[in-house]
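Enquirer: one predicted model, sequence on top.
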Amino acid sequence: MVVDQDQQWLLGCLTASLDPNQNVRSFAETSLNQASLQPGFGSALCRVAANKDLSLGLRQISFSHKHRFFIKKHWRENEEDFEYPLVSSEEKALIRGLLLGSLDDSHRKICTAISMDISSIATYDWPEEWPELLPFLLKLISDQNNINGVHGALRCLALLSGDLDDKDVPALVPVLFPCLHAVVSSPQSYDKYMRGKALSIFYSCISVLGAMSGVYKTETTTLVTPLLEVWMNQFSLILEHPVQPDDPDDWSLRMEVLKCLNQFVQNFPFLMESELIAIMRPLWHTFESSLQVYLRSSVEGAEDSYDGRYDSDGEEKSLDTFVIQLFEFLSTIVSSRRLAKVLASNVRELVYQTVAFLQVTEQQVHTWSTDVNQFVADEDEGSFSCRISGILLLEEVVNTFGREGINAVIDAAGKRFHESQNEKIAGSSSWWRIREAALYALASLADQLVDAEDLGTDHTNLAKFIEQLIMEDTGTGYHECPFLYARIFTAVAKFSSEINPGILEHFLNAAVRAINMDVPPPVKVGACRALLQLLPDMNRSVILPQIMNLFSSLTDLLHQASDETLILVLETLQQAIKAGHEASASIESIISPVILNVWVAHVSDPFISIDIIDVLEGAPSDVVKTAYEFCFDAVIRIILHSEDNSELQNATECLAAFISSGRQELLSWSGDPSLTMRSLLDAASRLLNPDLECSGSLFAGKYILQLILHLPSEMAPHVQDLVAALVRRMQSAEISGFKSSLLLIFARLVHMSFPNVDQFINLLVSVPADGHENSFAYVMTEWTKQQGKHLSLLRYLVSNGGITTRAKAKSAPEQWTIIPLPMKVLALLADTLIEIQEQVLGCEDEDSEWEEVNEVNVEGEKDLLRSTGASQSSKPSYDQLEAMARTFENQDDGDGDDDFHVTDPLNEINLASYLADFMLKFSSGDRPLFDNLCQGLTNAQRNVIQTVLNR
């Protein structure tokens, strides 16, 4: 290719941009940026990138510069990164043509770069300004004489397919799918990588059709039905051959098959029922052979598992990734009541094989031995791995097959346990792995196993079985099998309700000793987890002789712990303080400084700080007082002077914990109650400063609630100033949740002013508010707005309404009507009753296919309806509403935030009953006003009010 003078200059700049000399690189980058402002620069870059005579490095840097600096900045106006000048239409067409003409490049990295540029431009130009794009790609993908071109087209379509929507895919199916099938079904012509890429495009399109099937069931069924047989045959051919070691392209190909099958099973189960039977045999071949490869490659480490490695497109190609996808597909089948029957006869074998996949891998042994924080993180329920994916499959088996599933798990664990015994006798060094896997499976499913009385599980035999497993290795050293011992401790904790008290006491003592011994860190982690579960329920007479030693060990461990382990140790210390409440007060001089030193060291870490604050809130007042004396002044200084949002949040929560625990006594702890109160008020003033970032003030509402709840007489003189400050802070708030937390303070002040609520309203009226008549008008405006948002969101979640797209929002914007405040308040109260009603009745109108998939959950809700005496087609009576309210109010969100919520008298209110009494009193006390307000309500709101009045 001929290189003119301008291109020679461009090549020189691109070469200089790779120079190791910083000054040379900077000058080159500046020159390129200036040149990008000239017409023709983009097409010049394209010519360099397309010139196969140039070095790979120069071509790559050309693509990189074009993608990062040219297309993003100059292609389309009104984009976030746009900078003038705008590329002309003529140059755009030239660049698009050059890119398409280069898609058959033999270098895969260059092909990927070209595809990324085409994909970026397509987001702006396709299809309106680039209608020839897809026809060109479809023609290129069909040319078997141009393998590089097929690869380029596949790579490009793979990127584009992620942006296809419900308008594009139905039209593409008839022309695109035959091209893709031709690639997938021709292993003699195309390698596994290219066939896998074709399947990834097929998967993207099937996913769109699946998403459409809820609304366009008939149309999508018509499109999908003719595809099934030909594609299922191809999937069977791929899956029937045994999985091979050291072949990541084969793993990736099978993974794409499994992803496609998963979409079919999830979204078209009624079509897959007969097809799935035919594919189960090859699927089982893949499952069994993948286990053998997994054991050799991952568990034993004898072969390469390609862990943490990616292909040229950035896709992970590890064996773990493939196995996780295999588990996900099997879980999808098992969770479907319609399709699970195809596995019913093989449940025991499925569970038995799955347990073997749960073994600790050689890589995990290495990682966890050197980084205990990673061990804690990987054991957490929020993480994801092959082990956790296997457990999710076992959970689905138990949920779907009930007693048969539970028996399968126990039977598999027993068989694997005996296998480990034989391996140990034979002298195998890895005998402990399969035993740990069996315990891991049982412990992970402990809740289901223990709660399965209605399924006929023999709890006596279960307890004996668990006791045999955990006591078998008590003579084995901690250093020999640290991960097995960690799992034994965890299993003891999980099955503590079933295990003999004497054995529990043995492991409690062992856990306390382990924390204080020189043992591998994973053993200490297991010991802490055991103590977390055992301490709350263990007899005091067993705990107290050990408690002083435990306090000492845990405080020592705090010095050694960091990150994930620090949180675990703090949680264990919190339980120890609660369990040994009497003894903890006697060593507060040891505990408090250690805890607070940890808090100071991690004041910017919200997770660690929250756990430390939890320890303080659960501690005796003597411990809290010592903590207060140690750091109260420092916490106040942080709030008054810090600009770090995390520090401000954590310091605010710490103050709230002090007040919650110390209450009125806190004021006298320093010897000067007035000075302490002044400090608390100064902190509140800083947190409510409108100039402070919302994130820094995020927990101000929680803190101020503690002030007015526990120091009401001291706060009374400052209520007017507090109201003014709250209003100013709300008006500057940009975070909706923060504004809602401040509104709750007004709600609390209203309740606390009873029976003189009118005096508080008059106070609000007397306080000005920018842009509103007064603070009362502003607060009520925000209150009704926030309440309406929450109700509207919940109603959306339980309704069958469609998706509101940007186009719909523009064509049909929301309409608002101004109504009197009393009418709005009455409407919100009615909406609250409707909300309670819909919580229970919302699932009754679900599509029948979804009802089948979610049969267990829906049946539970129907049971709830039956318990209230409601017929599924009738409007609920008042009694039914009341029963719904009890259910709604008693749901535990697991938050555990703020102990005062538990004893708060407001939580004793039966909401449905309270609202019904109000409606009755209001309607009988001022019927004309009541009827007038009801005229402005919707039919649904009037109906629910009438239901209440007719009780």
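Expert: Happy to help now that I have it.
Enquirer: how about residue 692, nearest residue that isn't a chain neighbour?
Expert: residue 686 (6.8 Å; Cβ to Cβ, 6 or more residues apart in numbering). Where you see a C-beta, it was placed from the backbone N, CA and C, and this is true even at glycine.
Enquirer: how near is the one you found to residue 833?
Expert: Distance, residue 686 to residue 833, by Cβ to Cβ, to the nearest Å: 41 Å.
Enquirer: neighbour-wise, which of the two wins?
Expert: Neighbours were tallied for residue 686 and for residue 833 using other Cβ atoms under 10 Å; the higher tally belongs to residue 833 (26 against 20).
Enquirer: I'd assumed residue 912 was in contact with the more buried one.
Expert: Yes: counting by Cβ atoms under 8 Å, residue 912 is a contact partner of residue 833 at 6.8 Å.
Enquirer: just the pLDDT for the residue nearest to residue 692.
Expert: On pLDDT, residue 686 comes in at 95.
Enquirer: mind listing what it touches?
Expert: 639-640, 692 (Cβ atoms under 8 Å, 6 or more residues apart in numbering).
Enquirer: and the helix or strand hosting residue 151, what does it pack onto?
Expert: If you go by DSSP states H and E, residue 151 is part of helix 147-161. Here helix 147-161 touches helix 108-125, helix 133-141, helix 168-184, helix 192-212, going by 3 or more Cβ pairs under 8 Å, 6 or more residues apart in numbering; DSSP states H and E.
Enquirer: which residues in the stretch 501-650 of the chain form helices?
Expert: Assigned by DSSP state H, counting those that start in this stretch, the stretch 501-650 of the chain shows helices spanning 501-516, 521-537, 540-560, 563-579, 581-584, 588-601, 606-618, 621-641, 645-662.
Enquirer: least confident of those helices, on average?
Expert: Among the helices of the stretch 501-650 of the chain, helix 606-618 scores lowest, at a mean of 64.
Enquirer: in contact with residue 517, which residues?
Expert: Per Cβ under 8 Å, 6+ apart, neighbours of residue 517: residue 478.
Enquirer: and it, how far from residue 482?
Expert: Distance, residue 517 to residue 482, using Cβ to Cβ: 12 Å.
Enquirer: quick check: domain ranges of the chain?
Expert: 1-129, 640-776, 819-839+908-950 (the TED database).
Enquirer: ends of the second one, what's the gap?
Expert: By Cα to Cα, to the nearest Å, the extent of domain 640-776 from end to end equals 29 Å.
Enquirer: of the domains of the chain, which is nearest residue 506?
Expert: When the domains of the chain are compared by Cβ to Cβ, domain 640-776 sits nearest residue 506, at 35.1 Å.
Enquirer: I'd guessed residue 575 sits against residue 536; true?
Expert: Yes: between residue 575 and residue 536 a contact is recorded at 6.1 Å, counting by Cβ under 8 Å.
Enquirer: between the two, who's got more neighbours?
Expert: residue 575 (20 against 11).
Enquirer: quick one, what contacts the more buried one?
Expert: 531-532, 535-536.
Enquirer: I figured residue 318 hits residue 311, correct?
Expert: No: contact criterion Cβ under 8 Å: residue 318 and residue 311 do not qualify, at 10.7 Å.
Enquirer: where do the contact lists of those two overlap?
Expert: By Cβ under 8 Å, 6+ apart, the residues touching both residue 318 and residue 311 are residue 248.
Enquirer: okay, the two: which has more neighbours?
Expert: Counted by other Cβ under 10 Å, residue 318 and residue 311 do not tie: residue 318 has more neighbours, with 21 against 17.
Enquirer: now for the chain, the helix or strand with the poorest mean pLDDT.
Expert: Using mean pLDDT, DSSP states H and E, helix 855-868 stands out as the lowest-scoring helix or strand of the chain, at a mean of 37.
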